[in-house]
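1. dropping the sequence and predicted coords here.
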Amino acid sequence: MTDETAVLSPSAAGSKQPAAEGGGRGQVWRSRRYRWDLRWSPYAFVAPFFLFFAAFGLFPLLYTGWAALHQVELTDPDNMTWVGLKNFTRLWDDEFFWNALRNTVTIGLLSTVPQLAIALGLAHLLNYKMRGSAFFRVAVLTPYATSVAAATLVFVLLFGRDYGMVNWALSAVGLGSVDWQNGTFASQLAVSTIVIWRWTGYNALIYLAAMQAVPGELYESAALDGASRWQQFLHVTVPSLRPTIFFTCVVSTIGATQLFGEPLLFNGGAGATGGSEHQFQTLGLYLYEQGWVNLHLGRASAIAWAMFLILLVIAGAARLLRGRGASR
Amino acid sequence: MRAHARARRTLATAVTAVGAAALLLAGCAQDPTEKPQGGAPAGDKAKTTLTVGVFGAFGLQEAGLYDEYMAQNPGIRIEQTSIERNENYYPQLLTHLGTGSGLADIQAVEVNNIAEITATQADKLVDLGKAPGVDKAAYLPWKWAQGTASTAKGGATVGLGTDIGPQGICYRKDLFEAAGLPTDRAAVGALWAGDWNKYLETGKAYKAKAGAGKAFVDSASGVMAAVTGSSAQRFYDEQGKVVYKSNPAVRGAFDLAASFSGEGLSAKLQQFTPAWDQGFANGSFATVSCPAWMLGYIQDKAGPAGKDKWDVAQAPKPSNWGGSFLVVPKAGKHTEEAAKLAAWLTAPAQQAKLFEKRGSFPSASASYKLPAVSGARHEYFGGAPIGEIFAKAAEGVPVTVVGPKDLVISQNLADIGMLQVDQKGRSAQEGWEAAVKAIDNALDQ
């Protein structure tokens, strides 16, 4: 054991002299402390995050799960009545929940798929050598820096039924106007547009960062082999970016599942209903409506957990798919 | 009546204010700097800081009432915290009442929430009916009743009324003239006096002359809010049972409002949305149900171009939409001082000042005789004697039975049921069924 500590501790080797008993004990103590330091310090360094996570992440998560098993109202939050899984089983028969889930999926697809495709193309363009590239790179990020509230307010005006600019343009080319707020597909498309506008630039920059890590020789040799820009994009860029694309897909899916601000504010003054037929009420909005408008905290908690479980299922499915893709 | 009347007034700005609300929340932490005057001589009390929590632009501070009170009471300092939207303010108030912490000494409560507060939180609030300086006789009886818990819950008056929303009908003189209708406000009021159906008939006459493209009302749900606001029993009965489904007054109001849409008299707008605001500016409709607080809103949205075009007449029946209360939580540090302040803020003289400066119509009927109210005229609305018009409406409003879930019911009736009828062209029956389904889901425990 002493040999081992001598090896580990640089100072121990220098001081290994026939010293007094006390010095030897101090040496043992120091080396032991050094070992503890080596073993436990990293945990101390990461501890603050995990303490905060336990307080503000894990505890609320577990408490929400606990509340989901009770009937509890915001008017009297201390008074919890045990109802078991009733809050979850009732979701099964709750047409508003299924409607919200369906809307979340369609709005998620309508926003995520074009968003990532456009981002990939944008990143490819930004990756060219050109004048003022820094300007363009900052410019694509500006929508992301805008607040949801401000962006949505502008889009609400653009998509106005009577005086909106989109309808004005559509009428100008003879297509007639659309009631963006009330049509099921129209409203979902409008909400998706806001999401796409806000997040495309953000994803483009992530792709751009990954593209710059692709070795230039690959492009050079591809060019020597006579590959066009498009072929280079398809056969060099996209395969090299596969892990990054997977990452953005996961992040966008999580974002789409939690979609809240855009549909809430798209509804003008009506709050969390998501339109007169709930046509763009997402799971996030339905959760908010149950918890903070109708004041049923137990039911809202059950929806929150259902959303969490749905995300876990999606993540599991993605892992399976990716596993298969990698082994191919 | 319709959700969060007051908060929604500022809704156009409130959309951006979601961000601002976060700031306000952050600023919500109480300033603990009480100034104990070091070594103060006996009898010279240290300053007491009272906090007032409100939503939206409540107006007490803006009308200078706090400054006046502090000048009269040198020992008191008043601080106000505000959250822009009642949707955010009210759940937070409930959470704070539940935990007994984070409360201001005085808290504002919106009329749609007052029944839930008196029914579920009365034991956590000070009985202001017994506070010094409070005179029950000075208030409108129905307003006093709304702030009072049922005898089963102790019968305490926990909420003192601030403003109310007695309704008139605002109309465009130029559009009325073009359609061959009278423009004088007394003659206009006479067109539909006493019966909401006459309002519908006037609409039909208007449409026949005005031609396509000009609607008579802004929205069907605005009509519904006005009509339900004029009946004593709405969504709950006196025993606190939900009766909106079987109450002919509610269904009647729904069907009447739906026929405005069916007859093509509605501009099919949703109230408190940007499109609605644009409607005021563009003159897309000739009339709108007009609680007292709506006048300022119209002036804002219709702008200088609308001056001398708008006027206000008596509504077919007296009706109320909106208003607020002040409550004093028992968990506060200075409940006695707070009760005194709440009593002063809601006394007739102060309510009259609030009306003069901010246009919030007083719930203390004793103030209607004060010149600030009785002689009030609104320049923008052709110098209409608004004090007279709205006082007459206020005194005619029946003692409305309010219930804990009034807000949820009225909101779903308007934003689900009536909106489907108005904007999607569904039948009244289909709209009604959709609203009932949504309300059942919301109320179901």
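-> That came in fine, so what should we check first?
2. make it CA atoms for all contacts and neighbour counts henceforth
-> Fine.
3. and the gap between the closest residue to chain B within chain A and B:A152?
-> Nearest to chain B, among the residues of chain A, is A:S276, at 4.3 Å (Cα to the nearest Cα). In this view, A:S276 and B:A152 are 38 Å apart by Cα to Cα, to the nearest Å.
4. related to what we said a few turns ago, the residue of chain A closest to chain B: neighbour count?
-> Residues contacting A:S276 under the criterion other Cα atoms under 10 Å in any protein chain shown number 28.
5. hang on, isn't it packed against B:Q420?
-> Yes: the pair A:S276 and B:Q420 passes the contact test of Cα atoms under 8 Å, sitting 5.6 Å apart.
6. so what's the backbone phi/psi at the residue of chain A closest to chain B?
-> phi -70, psi -30 (degrees, to the nearest 10).
7. residue contacts, the residue of chain B found nearest chain A?
-> Distances between chain B and chain A by Cα to the nearest Cα are smallest at B:I416, namely 4.3 Å. By Cα atoms under 8 Å, 6 or more residues apart in numbering or on different chains, the contact set of B:I416 is A:T273, A:G275, A:S276, A:E277, B:G431, B:A434, B:A435, B:A438.
8. shouldn't the second one be in contact with A:T282?
-> No: if you go by Cα under 8 Å, A:G275 and A:T282 don't touch, sitting 10.8 Å apart.
9. so which of those two has more stuff around it?
-> For A:G275 and A:T282, the more surrounded residue by other Cα under 10 Å is A:T282, and the numbers stand at 33 against 25.
10. over to the more buried one: give its phi and psi.
-> Dihedral angles of A:T282 (phi, psi; degrees, to the nearest 10) stand at phi -90, psi 170.
11. list the contacts for it?
-> Applying Cα under 8 Å, 6+ apart, one finds that A:T282 lies in contact with A:A100, A:L101, A:N103, A:T104, A:L259, A:F260, A:P263, A:G274.
12. surely the first one and A:Q281 touch.
-> To tie it back to what came earlier, the one meant is A:A100. Yes: A:A100 is within contact range of A:Q281, at 5.4 Å (criterion: Cα under 8 Å).
13. so for these two, which residue has more residues nearby?
-> Taking other Cα under 10 Å, A:A100 and A:Q281 do not tie; A:Q281 has more neighbours (31 against 22).
14. mind checking the SS state of B:Q107?
-> strand (DSSP: H, G, I helix; E, B strand; the rest coil).
15. share the number of residues neighbouring it, please.
-> 21.
16. repeat for B:S266
-> With neighbours defined by other Cα under 10 Å, the count for B:S266 comes to 29.
17. B:V217 is in contact with that one, correct?
-> Yes: using Cα under 8 Å, B:S266 is in contact with B:V217, at 5.0 Å.
18. can you list residues touching both of these two?
-> B:F260, B:F285.
19. give me the most central residue, chain B.
-> For chain B, the residue nearest the mean C-alpha position is B:G322 (1.8 Å; Cα atoms, centre = their mean).
20. separation between that one and B:A313?
-> According to Cα to Cα, B:G322 stands 19 Å off from B:A313.
21. could you do A:L234 as well?
-> Distance of A:L234 to B:A313, given as Cα to Cα: 70 Å.
22. ok, these two, which is more surrounded?
-> B:A313 (25 against 12).
23. where does that one fall, helix, sheet strand or coil?
-> Look at B:A313: counting by three-state DSSP, its state is strand.
24. partner residues bridging it?
-> Beta-bridge partners for B:A313, by DSSP bridges, are B:I169.
25. tell me the pLDDT of residue 210.
-> Going with chain A. The model reports A:A210 with a pLDDT of 94.
26. that's the wrong chain, I wanted chain B
-> You'll see B:A210 listed with a pLDDT of 87.
27. looking at it, it is touching B:A178, isn't it?
-> Yes: the pair B:A210 / B:A178 is scored as a contact, 6.8 Å apart, by Cα under 8 Å.
28. looking at these two, which is more packed in?
-> B:A210 (19 against 13).
29. can you list the weak-confidence ranges in the chain?
-> Just so you know, I chose chain A. Scanning chain A for pLDDT under 70 picks out A:1-23, A:268-270, A:324-328.
30. I was after chain B.
-> In chain B, residues with pLDDT under 70: B:1-46, B:445.
31. would you map out the domains in it?
-> B:48-164+B:326-348, B:166-319+B:388-442 (the TED database).
32. select, out of those domains, the one closest to A:F308.
-> A:F308 sits nearest to domain B:166-319+B:388-442 of all the domains of chain B, at 22.6 Å, using Cα to Cα.
33. surely the residue nearest to the centre of chain B forms part of a strand?
-> Yes: under three-state DSSP, B:G322 sits within a strand.
34. which element is B:I78 on?
-> Assessed by DSSP states H and E, B:I78 sits inside strand B:76-83.
35. show me what that strand is packed against.
-> Under the contact criterion of 3 or more Cα pairs under 8 Å, 6 or more residues apart in numbering or on different chains; DSSP states H and E, strand B:76-83 touches helix B:11-26, strand B:48-55, helix B:65-72.
36. right, is the very next helix or strand once past that strand up against chain A?
-> Remark: after strand B:76-83, the chain's next helix or strand is helix B:86-99, criterion DSSP H and E. Yes: using Cα under 8 Å from any Cα of the partner chain, helix B:86-99 comes into contact with chain A via B:E87, B:P91, B:L94, B:T95, B:G98.
37. let's see helix B:86-99 as CSV, backbone CA atoms only.
-> The C-alpha trace of helix B:86-99 is given here as CSV (Å, rounded to 0.1, in the frame of the first residue of the first chain):
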residue,chain,number,x,y,z
ASN,B,86,-55.5,37.9,-15.0
GLU,B,87,-54.9,34.5,-16.5
ASN,B,88,-51.5,34.6,-15.0
TYR,B,89,-52.4,36.7,-11.9
TYR,B,90,-55.3,34.6,-10.6
PRO,B,91,-53.6,31.1,-10.5
GLN,B,92,-50.7,32.8,-8.7
LEU,B,93,-53.0,34.4,-6.2
LEU,B,94,-54.6,31.0,-5.5
THR,B,95,-51.2,29.4,-5.0
HIS,B,96,-50.1,32.1,-2.6
LEU,B,97,-53.3,31.9,-0.6
GLY,B,98,-52.8,28.1,-0.4
THR,B,99,-49.3,28.5,1.0
